[in-house]
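>>> just to be clear, the model below is a prediction. Sequence and coordinates:
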Amino acid sequence: MSDDGYMEFQERLKQKFTTLFGYLDERQRRIAAAVEARSLGRGGITAVARATGMSRPSIHKGLGELRQRKPGVPLGHSRKSGAGRKPLAVRDPQILGELDRLVDPDTRGDPMSPLRWTCKSTRQLADALRDGGHPISHRLVGELLASMGYSLQANIKTKEGSSHPDRDAQFRYLNEQVRNRLERQRPVISVDSKKKELIDYKNGGSEWQPKGDPEPVQVHDFGKEKGIPHGIYDVGRNLGWVTVGRDHDTASFAVASIRRWWMAMGSTMYPGAAQLLICADGGGSNGYRLRLWKVELQRFADETGLTVTVCHLPPGTSKWNKIEHRLFSHISMNWRGRPLTSHEVVVELIAATTTRKGLRVRAELDPASYPTGVEVTDAQIEALSLRRHTFHGEWNYDLCPRPTKS
């Protein structure tokens, strides 16, 4: 079974037990879980434990009761409601947040997958949690990670060039910047351009259609129009914004997308905000070497009065950007198998993207032209109100609003 299929199966199983357990006492829940685990066969106990939140020993106890009970003999009395050992998340409410904090800075993965995964072992994570005053076994760490949406995966080819010696240090610095801003309820966004999409051309995947009546699309892709989705993901609020361009993916287009998001969503959700943190890749239309990117961000800062802080991901790590697996992956799944017959269809499909965890997305079409090859003069760079951070100022910097000329 694929990862997507297993997650869907687990969700169905969870919904089934959530409905059923509302009518059962503790012993009956244990027996129902044991019956289901036995019917599933190999791996059934693990699947049921994850779906119900029951411990594996409780399910084993239920299986033992099923084997020992004779037909016609009543089950006997049950414990009082609420009796028994409480789940770890109830006994230690901080442990889930602490586990996510330990894992999340090193979260990696295929940007087209909805799963998050970690290279830390469950034993290492259990040791770290115990050192922090949270006694836990490595087995229970694995169960908690699964319930939080993490999974173990095999190696994939995601390396995009040589690894910078300060790569991990930059990740730590970026995550600390994000954490500090979120604690103060300041806006933090992750930005990037999704891959260009061909208009009215075959889209990967399949969808339900009347048998023998697939949606027709063009055969050849040369000379086709393209849609350029540029995304903004609000890290603190789990909200997405996507501007679909028709021209070129330039720094001017990227900042125009950020400007659209701020005018339509950001300024309303963060009234009175004086700062904005942007997490961006090291290359592309928002690369740290692009002079036009900084010039356009300076204009944005002047227009809005915001101090714009930019923290770039270190080179060769673009697929680790949060927007890839928290926004773009869900968009790709939402329109899988759907032919993108026009730019308007692209916008509508993006805007229809949602997740069970509350992701909502807004999208707009940007028909403007963004020519390539725009030259930026040294005078324009010198006029920037640019303040570089002490740690890797080429990756981390502020653009402050300049005073207006009287």
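Sure thing, it's come through.

>>> low-confidence regions, this structure specifically.
Counting by pLDDT under 70, the chain shows low-confidence ranges at 1-4, 69-90, 104-120, 151-163, 200-224, 318-320, 335-340, 405-406.

>>> for the stretch 1-150 of the chain, which segments are assigned as strands?
For the stretch 1-150 of the chain, no strands are identified by DSSP state E, counting those that start in this stretch.

>>> what segments of it are helices?
3-21, 26-40, 44-52, 56-68, 88-91, 95-103, 122-131, 138-147 (DSSP state H, counting those that start in this stretch).

>>> any idea how far residue 394 is from the nearest residue to residue 61 once chain neighbours are set aside?
Distances taken as CB to CB, 6 or more residues apart in numbering place residue 30 nearest to residue 61, at 6.4 Å, with adjacent residues excluded. All C-beta atoms are positioned from the backbone trio N, CA, C, and that covers glycine. Counting by CB to CB, to the nearest Å, the gap from residue 30 to residue 394 is 59 Å.

>>> these two - which one has more neighbours?
residue 30 (24 against 11; other CB atoms under 10 Å).

>>> export the helices of the stretch 1-150 of the chain to a markdown table and tack on distance to residue 282?
Output for these, formatted as a markdown table (distance: least, CB to CB, whole Å):
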| stretch | distance to residue 282 |
| --- | --- |
| helix 3-21 | 29 |
| helix 26-40 | 46 |
| helix 44-52 | 38 |
| helix 56-68 | 44 |
| helix 88-91 | 37 |
| helix 95-103 | 23 |
| helix 122-131 | 28 |
| helix 138-147 | 29 |
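
>>> quick one, which of these gets closest to residue 294.
Closest approach to residue 294 among the helices of the stretch 1-150 of the chain is made by helix 95-103 (31.9 Å; CB to CB).

>>> which other helices and strands contact that closest one?
helix 88-91, helix 122-131, helix 138-147 (3 or more CB pairs under 8 Å, 6 or more residues apart in numbering; DSSP states H and E).

>>> what residues sit buried inside it?
The neighbour-count check on helix 95-103 (16 or more other CB atoms under 10 Å) flags 95, 98, 99, 100, 102, 103 as buried.

>>> how is this protein carved up into domains?
3-85, 90-147, 167-399 (automatic domain parsing).

>>> in three-state terms, label the residue most central in space within the chain for me.
With distances taken as CA atoms, centre = their mean, residue 326 lies nearest the centre of the chain, 2.1 Å away. Remark: residue 326 carries the secondary structure label helix [criterion: DSSP: H, G, I helix; E, B strand; the rest coil].

>>> check contacts around it.
Contact analysis of residue 326 by CB atoms under 8 Å, 6 or more residues apart in numbering lists 190, 233, 238, 359.

>>> for the second one, give its distance to residue 321.
By that I understand residue 233. Where residue 321 is concerned, residue 233 sits at a distance of 9 Å (CB to CB).

>>> need the overlap of contacts for the two.
The contact lists of residue 233 and residue 321 share residue 190, where a contact means CB under 8 Å, 6+ apart.

>>> the more surrounded of the two?
Regarding residue 233 and residue 321, a neighbour count based on other CB under 10 Å identifies residue 233 as having more, with 26 against 22.

>>> after the helix or strand containing the more buried one, next one along is what?
Secondary structure assignment for residue 233, by DSSP states H and E: strand 226-234. Where DSSP H and E defines the elements, the next helix or strand beyond strand 226-234 is strand 239-245.

>>> just the C-alphas of that following strand, formatted as CSV.
Output of strand 239-245 as CSV, limited to C-alpha atoms (Å, rounded to 0.1, in the frame of the first residue of the first chain):
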residue,chain,number,x,y,z
LEU,A,239,-2.9,30.3,5.0
GLY,A,240,-1.7,30.4,1.4
TRP,A,241,-1.7,33.0,-1.4
VAL,A,242,-0.8,32.3,-5.0
THR,A,243,-0.4,34.8,-7.8
VAL,A,244,-0.5,33.2,-11.3
GLY,A,245,1.6,35.0,-13.8
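
>>> helix or strand right after that strand?
Criterion used, DSSP H and E; the element after strand 239-245 is helix 251-261.

>>> which parts of the following helix or strand past that next one are buried?
As assigned by DSSP H and E, the chain's next helix or strand after helix 251-261 is helix 267-269. Buried residues in helix 267-269, counting neighbours by 16+ other CB under 10 Å, are absent.

>>> in terms of secondary structure, what does the next helix or strand after helix 267-269 contact?
Remark: after helix 267-269, the chain's next helix or strand is strand 275-280, criterion DSSP H and E. Strand 275-280 is packed against helix 167-183, strand 188-193, strand 307-312, with contacts defined by 3+ CB pairs under 8 Å, 6+ apart.

>>> need those in a markdown table (columns: distance to residue 267 and mean neighbour count).
Formatted as a markdown table, these follow (distance: least, CB to CB, whole Å; neighbours: other CB atoms under 10 Å):
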| stretch | distance to residue 267 | mean neighbour count |
| --- | --- | --- |
| helix 167-183 | 17 | 16 |
| strand 188-193 | 13 | 24 |
| strand 307-312 | 14 | 21 |
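
>>> residue 296: which of the ones you listed is closest?
strand 307-312 (10.5 Å).

>>> ok, residues contacting the closest one?
Contacts of strand 307-312 (CB under 8 Å, 6+ apart): 170, 173-174, 177-178, 274-282, 287-288, 297, 300-301, 395-401.

>>> same check on stretch 46-60?
With CB under 8 Å, 6+ apart, stretch 46-60 has contacts from 9-10, 13-14, 16-17, 21, 29-30, 33-34, 36-37, 40, 45, 85, 87, 143, 146-147.

>>> any idea how far residue 13 is from residue 256?
Here residue 13 is placed at a distance of 46 Å from residue 256 (CB to CB).

>>> now residue 400
Counting by CB to CB, the gap from residue 400 to residue 256 is 21 Å.

>>> go on, residue 365?
12 Å.

>>> and if you look at residue 370?
Distance from residue 370 to residue 256, counting by CB to CB: 8 Å.

>>> repeat that for residue 404.
Residue 404 is 22 Å from residue 256, by CB to CB.
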